[in-house]
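>>> quick one, fold the following:
(chains A and B)
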Number of protein chains: 2
Amino acid sequence: MIKNMQVLLANRPEGWVKESDFNIVENDAPTPSPGEILIENHWLSLDPYMRGRMNATKSYAAAVEIGDVMVGGTVGKVIASQNPKFKEGDHVVGSTGWQLYALSAGDGLNKVDPNVVPLSAYLGVCGMPGATAWIGLLEHCSPKAGETVLVSAATGAVGSVVGQLAKMQGCRAVGIAGGPKKCDYAVTQLGFDACVDYKAGNLLDDLKAACPDGVDCYFENVGGEVMDNALSVLNPFSRVALCGLISGYNETEPYGQKMIRSLLVNRVNLRGFIVFDRLDLYAKAISQLVRWVSEGKIRYHETVAEGLRDAPRAFIGMLKGENLGKQVVKLT
Amino acid sequence: MIKNMQVLLANRPEGWVKESDFNIVENDAPTPSPGEILIENHWLSLDPYMRGRMNATKSYAAAVEIGDVMVGGTVGKVIASQNPKFKEGDHVVGSTGWQLYALSAGDGLNKVDPNVVPLSAYLGVCGMPGATAWIGLLEHCSPKAGETVLVSAATGAVGSVVGQLAKMQGCRAVGIAGGPKKCDYAVTQLGFDACVDYKAGNLLDDLKAACPDGVDCYFENVGGEVMDNALSVLNPFSRVALCGLISGYNETEPYGQKMIRSLLVNRVNLRGFIVFDRLDLYAKAISQLVRWVSEGKIRYHETVAEGLRDAPRAFIGMLKGENLGKQVVKLT
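Sure thing, here's the model as predicted:
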């Protein structure tokens, strides 16, 4: 019998999530019934949205119930199939949760080819985060050549793609990240024109220096003070893609955003979005990203945690910004 | 010689504007040179945006310089013309400032007919505020029949038109206003389905009760706590037309907006706008509003100050919400 391991939600965190909010269990892997497949997961994705699913409060998706397997994107290999659409040896990406083995009826799974890009890339640059960057920037911000695109969490799984897509559009790409190492990586490895370290203590002045013509597109992953400073350098008729607010996900009191006036005075179009609202564009985005990554036109970095038992620690670290690039967990 | 009276900006207010921030002067009315006309102003419009023009800070339009005539919409009669496009006796609406007589080369002036709607209506329901309501609601919010439209400052010059246009679109129209008198007026005279008194102390619960299906379109004139409560009742994929933030115009510290998360979770499209960015729609909006007002399909109310000397007091009162409907000053 194959032994499975699962990470369950043990408690709803109040404020900062702790490792004790998770419960790691071992049990027998299930056996597929007719129509089902069994997947051996090779990689687990860790993403900021998961923090929201740990709360009971209404969000755009249902909360994880206490005792349930944590939700999460995975990529793995079909090892048993009773579904004619999948055969043993197929590699599939989907959302099968924090576990080594997952049963699936095939809904929401996509076959992927590990010979085109590495398997783990289908969780990041060629997966949900990459498509998020593509849709938020190209569809909601509509950047034009010569414009300035600013993105927060610039070296994260989403932000790193936003900046590179902005460069491909002929834009000036400016990032906001925490610390000189990340900022250096954004400029030297990802090709950002500039990257501002929000931890350096002069965010507004540094943003003004990095964006001498102001900001036409702002891709927001962070919120809080970072957002207030970014809103302060917006140009008239600029666009804001509101993708995430990670600075507040573990706070019990919401930050008071002070620069709303800038949205009015500059006649800004701000759009909150999640990638799955645009399933019509998802496949196109992924196919372009796979091609650009395989051609070396888009680069990426991964921070790899080893083994499912390390997922809670790595998840908390990701929420604190300890990772560079995409945070994944190697399961096999 | 015709005696003119003008209201000049005397000081840049810090915090709440005071009557002493204005300076009332009398002088000889000017004489038109070739290409110019002299207008005898009959009505002056008082609008929230004027508060912003008193500041030195950058906004979407240039600040009024100290010693200059305050900016403002006016409607009046041509009493001398050296411009072939205008003749004596023509009635014109434009932005000629807080003064009894104005010289103009005709730029930005539109001829109006006092026999279709009363002259003062061209400053309100059939003027800039009415067009603001039309463009913000119909163009930026795109309300569909059956949806709920919420508008703050619901009995003001803009809000009162928003609610009536929403009803014409087959929507549920809900207002937010200060005090039972305004709320009663919104429901019984303007035809709102409900109006919530933000001064009653239960804004969030009252909004939930007034909007049992949530809010699909929010037309924002106020900002601050009113906005936070309104953002709390937004539906997924709702639209916010950000037209004004009057609650903060006389504050020295910006309010911290706490419900930004709602914009993300509900994938809201928020657009800051000013009416003059859509000059392509302005004439269409005005012509429709003139027709609907003349047919009795849209109603309006005016609070009238008597004489230019009373304009500063009336302006401050308008910023405090003391007016019902459109605040105008009768000059003749």
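>>> CA only for contacts and neighbour counts going forward, please
Fine.
>>> A:Lys208: what's it in contact with?
Each residue near A:Lys208 by C-alpha atoms under 8 Å, 6 or more residues apart in numbering or on different chains is listed here: A:Gly214, A:Val233.
>>> ok, now how distant is it from chain B?
From A:Lys208 over to chain B the distance is 16 Å, taken as C-alpha to the nearest C-alpha, to the nearest Å.
>>> what pLDDT, on average, does the strand or helix carrying that residue get?
Following DSSP states H and E, one finds A:Lys208 within helix A:203-210. Per-residue pLDDT values over helix A:203-210 give a mean of 98.
>>> buried residues in it?
A:Leu203, A:Leu204, A:Asp206, A:Leu207, A:Lys208, A:Ala210 (16 or more other C-alpha atoms under 10 Å in any protein chain shown).
>>> distance of the fourth one from A:Gly175?
Yep, that's A:Leu207 we're talking about. To A:Gly175, A:Leu207 is 9 Å away according to C-alpha to C-alpha, to the nearest Å.
>>> and the first one, by the same measure?
For A:Leu203, the distance to A:Gly175 equals 12 Å [C-alpha to C-alpha].
>>> now do the last one
Using C-alpha to C-alpha, A:Ala210 is found at 9 Å from A:Gly175.
>>> so what sits against both of these two?
Common contact partners of A:Ala210 and A:Gly175 (C-alpha under 8 Å, 6+ apart): A:Ala194, A:Cys195, A:Val196.
>>> and those, which is closest to chain B?
Nearest to chain B out of the shared contacts of A:Ala210 and A:Gly175 is A:Val196 (C-alpha to the nearest C-alpha; 23.5 Å).
>>> how far away is the residue nearest to A:Asp113 when sequence neighbours are not counted from A:Ala311?
What sits nearest to A:Asp113 in space, not counting adjacent residues and going by C-alpha to C-alpha, 6 or more residues apart in numbering or on different chains, is A:His91, at 6.7 Å. In this structure, A:His91 and A:Ala311 are 22 Å apart, going by C-alpha to C-alpha.
>>> more crowded one of the two?
More crowded of A:His91 and A:Ala311, by other C-alpha atoms under 10 Å in any protein chain shown: A:Ala311, with 26 against 23.
>>> about what we covered before: which neighbours do A:Leu203 and A:Gly175 share?
By C-alpha under 8 Å, 6+ apart, A:Leu203 and A:Gly175 have these common neighbours: A:Val196.
>>> what residues does the stretch 1-150 of chain A put near chain B?
Residues of the stretch 1-150 of chain A lying near chain B by C-alpha under 8 Å from any C-alpha of the partner chain: A:Ser59, A:Tyr60.
>>> how about the residue of chain A found nearest chain B, what does it touch?
Taking C-alpha to the nearest C-alpha, chain B has its nearest neighbour within chain A at A:Gly256, 3.6 Å off. With contact taken as C-alpha under 8 Å, 6+ apart, A:Gly256 is in contact with A:Gly224, B:Tyr255, B:Gly256, B:Gln257, B:Lys258.
>>> cool, A:Tyr218 as well?
The contact partners of A:Tyr218, taken as C-alpha under 8 Å, 6+ apart, are A:Cys141, A:Val149, A:Leu150, A:Val151, A:Ala230, A:Leu234, A:Ser238, A:Arg239, A:Val240, A:Ala241.
>>> the same query, at a cut-off of 7 Å, please.
Contacts for A:Tyr218 (C-alpha atoms under 7 Å, 6 or more residues apart in numbering or on different chains) come out as A:Val149, A:Leu150, A:Val151, A:Arg239, A:Val240, A:Ala241.
>>> can I get the buried part of these as one ChimeraX selection?
Per 16+ other C-alpha under 10 Å, the buried members of the contacts of A:Tyr218 correspond to this ChimeraX selection:
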select /A:149,150,151,239,240,241
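>>> possible to save the contacts of A:Tyr218 as TSV with distance to B:Leu137, pLDDT and secondary structure?
Shown next, in TSV, are the contacts of A:Tyr218 (distance: C-alpha to C-alpha, whole Å; pLDDT from 0 to 100; DSSP: H, G, I helix; E, B strand; the rest coil):
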residue	distance to B:Leu137	pLDDT	secondary structure
A:Val149	29	98	strand
A:Leu150	30	98	strand
A:Val151	30	98	strand
A:Arg239	20	98	strand
A:Val240	21	98	strand
A:Ala241	22	98	strand
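>>> what about the stretch 101-250 of chain A, any weak spots by pLDDT?
By pLDDT under 70, the stretch 101-250 of chain A contains no weakly predicted segment.
>>> for it, which segments count as helices?
All helices of the stretch 101-250 of chain A, identified by DSSP state H, counting those that start in this stretch, fall at A:128-134, A:159-168, A:180-188, A:203-210, A:224-231.
>>> save those helices as TSV, and put in distance to B:Met70 too.
Formatted as TSV, those follow (distance: least, C-alpha to C-alpha, whole Å):
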stretch	distance to B:Met70
helix A:128-134	47
helix A:159-168	44
helix A:180-188	48
helix A:203-210	33
helix A:224-231	30
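>>> coming back round to it: for the buried residues of helix A:203-210, which one is nearest B:Gly317?
Proximity of these to B:Gly317 (C-alpha to C-alpha) peaks at A:Leu204, which lies at 36.4 Å.
>>> is it true that the closest one touches A:Asp228?
No. At 9.1 Å, A:Leu204 does not count as touching A:Asp228 under the criterion of C-alpha atoms under 7 Å.
>>> ok, the residue of chain A closest to chain B to A:Asn221 distance?
According to C-alpha to C-alpha, A:Gly256 stands 16 Å off from A:Asn221.
>>> and A:Ala154, by the same measure?
As judged by C-alpha to C-alpha, A:Ala154 and A:Asn221 stand 9 Å apart.
>>> more neighbours: these two, which one.
Between A:Ala154 and A:Asn221, counted using other C-alpha under 10 Å, the more crowded position is A:Ala154 (33 against 22).
>>> return the distance of that one relative to A:Gly244.
For A:Ala154 relative to A:Gly244 (C-alpha to C-alpha), the value is 12 Å.
>>> over to A:Ala285?
For A:Ala285, the distance to A:Gly244 - C-alpha to C-alpha - is 19 Å.
>>> who wins for proximity to A:Arg12 among the helices of the stretch 101-250 of chain A?
Short answer: helix A:224-231, nearest of the helices of the stretch 101-250 of chain A by C-alpha to C-alpha, at 23.1 Å.
>>> got the contact list for the closest one?
Residues outside helix A:224-231 that contact it (C-alpha under 7 Å, 6+ apart) are A:Leu203, A:Leu204, A:Ser247, A:Tyr255, A:Gln257, A:Lys258, A:Met259, A:Ser262.
>>> kindly recompute the last result at 10 Å.
Helix A:224-231 is contacted by residues A:150-153, A:176-177, A:198, A:203-205, A:207-208, A:214-215, A:218-221, A:223, A:238, A:240, A:242, A:245-248, A:254-263, A:266, A:268, B:258, B:260 when judged by C-alpha atoms under 10 Å, 6 or more residues apart in numbering or on different chains.
>>> do stretch A:245-253 as well
Contacts with stretch A:245-253, where a contact means C-alpha under 10 Å, 6+ apart, come from A:13-17, A:48-52, A:55, A:152-153, A:220-227, A:254-255, A:319-321, B:258, B:260-261, B:264.
>>> filter those to the buried ones?
Buried members of the contacts of stretch A:245-253, counted by 16+ other C-alpha under 10 Å: A:13, A:17, A:48-52, A:55, A:152-153, A:220-227, A:254-255, A:319, A:321, B:258, B:260-261, B:264.
>>> residues in contact with A:Ala29?
A:1-6, A:38-40, A:99-103.
>>> if we can go back for a sec, take the shared contacts of A:Ala210 and A:Gly175 and lay them out in JSON lines including distance to A:Ala166 and neighbour count.
Output for the shared contacts of A:Ala210 and A:Gly175, formatted as JSON lines (distance: C-alpha to C-alpha, whole Å; neighbours: other C-alpha atoms under 10 Å in any protein chain shown):
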{"residue": "A:Ala194", "distance to A:Ala166": "13", "neighbour count": "21"}
{"residue": "A:Cys195", "distance to A:Ala166": "14", "neighbour count": "29"}
{"residue": "A:Val196", "distance to A:Ala166": "17", "neighbour count": "29"}
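>>> so which of the residues you listed sit within strands?
Cross-referencing these against strands under DSSP state E gives A:Ala194, A:Cys195, A:Val196.
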